[in-house]
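S.K.: Predicted model follows, preceded by the sequence.
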Amino acid sequence: RSTLDAKTLTVVSFLVWRTDLTDTYLAACYQLLQQQQLANELISTPLKLLTASSSKAVYGHYYDDVIRNAQTLYGVSRHFPARIKEVNATALNNIMQPISAGRFNTLSSAYALLGFDAYANVAGVGSVAQMSISAINKKNQVSTLKVPENIAPVVDFAPDTARLKMQGPGNLPLFYAVTE
């Protein structure tokens with residue numbers, strides 16, 4: 001790390017190591033070495049960058065925001081589970097939105113799956129147990145739906161449902177899909 005921080009470095013692309021995956025991987029290494037203070041200091045910047053989408057895509061090097069954010073999500077979930085609460089809905093959307101818009105490749109989609117899987121393992125089934133879903137029909141009558149305790153619960157609701165209200169634990173974001 002002292003080499004990376006050295007003031008004698010002049011190559012501009014090398015000086016930005018704190019804004020790419022080098023910081024995330026170095027933080028994970030320090031965490032594995034039980035050097036929590038250094039690890040926590042290093043992972044702070046990548047956590048903040050999860051909510052920003054500013055990296056210019058360099059597809060020749062297979063590197064873009066989705067790859068950076070997904071690998072950071074994986075690293076935080078795997079090595080810093082206590083800090084997963086710092087990952088908000090904007091951070092998760094920054095991984096999903098480009099994929100939804102068709103701006104992905106096999107590498108970025110693979111890293112996204114890896115990151116979301118690690119995140120789901122940290123959020124865990126216990127979070128689903130604290131989740132509730134209510135169906136509200138056109139007459140504003142509310143009925144509570146039974147939510148199965150698994151990481152991706154599937155719930156049926158009546159055809160006359162006008163709105164669904166979802167509540168979950170703490171600040172973990174909830175995502176849903178509706179299909180016919």
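M.R.: Ah, there it is.

S.K.: Tell me the confidence at the residue of the chain most remote from its centre?
M.R.: Distance from the centre of the chain peaks at Lys139, with 37.0 Å (Cα atoms, centre = their mean). pLDDT recorded at Lys139 is 92.

S.K.: Helix, strand, or coil at it?
M.R.: coil (DSSP: H, G, I helix; E, B strand; the rest coil).

S.K.: Same check on Leu73?
M.R.: Applying three-state DSSP: Leu73 is helix.

S.K.: so who does the residue nearest in space to the middle of the chain touch?
M.R.: Centroid-nearest residue in the chain, with Cα atoms, centre = their mean: Leu92, separated by 4.1 Å. Neighbouring residues of Leu92 by Cβ atoms under 8 Å, 6 or more residues apart in numbering: 73, 116, 119, 173, 175. All C-beta spots, glycine's among them, are computed from the backbone N, C-alpha and C.

S.K.: What is the burial count for the first one?
M.R.: The local packing of Leu73 (other Cβ atoms under 10 Å) involves 29 other residues.

S.K.: Excluding chain neighbours, give the residue nearest to it in space.
M.R.: Gly115 (3.6 Å; Cβ to Cβ, 6 or more residues apart in numbering).

S.K.: Can you tell me the element that neighbour falls in?
M.R.: In the assignment (DSSP states H and E), Gly115 maps to helix 106-129.

S.K.: Next, the buried residues of that helix.
M.R.: 108, 111-112, 114-116, 118-119, 122-123, 127-128 (16 or more other Cβ atoms under 10 Å).

S.K.: And those, which is closest to Thr22?
M.R.: Relative to Thr22, the closest of the buried residues of helix 106-129 is Tyr111; by Cβ to Cβ it sits at 15.8 Å.

S.K.: I figured that closest one hits Ile67, correct?
M.R.: Yes. Contact criterion Cβ atoms under 8 Å: Tyr111 and Ile67 qualify, at 5.4 Å.

S.K.: hmm, back to that, now do the phi/psi pair for the residue farthest from the centre of the chain.
M.R.: Main-chain dihedrals, Lys139, degrees, to the nearest 10: phi -90, psi 10.

S.K.: show me what contacts it?
M.R.: Going by Cβ under 8 Å, 6+ apart, Lys139 touches no other residue.

S.K.: go on, Thr90?
M.R.: Contacts of Thr90 (Cβ under 8 Å, 6+ apart): 50-51.
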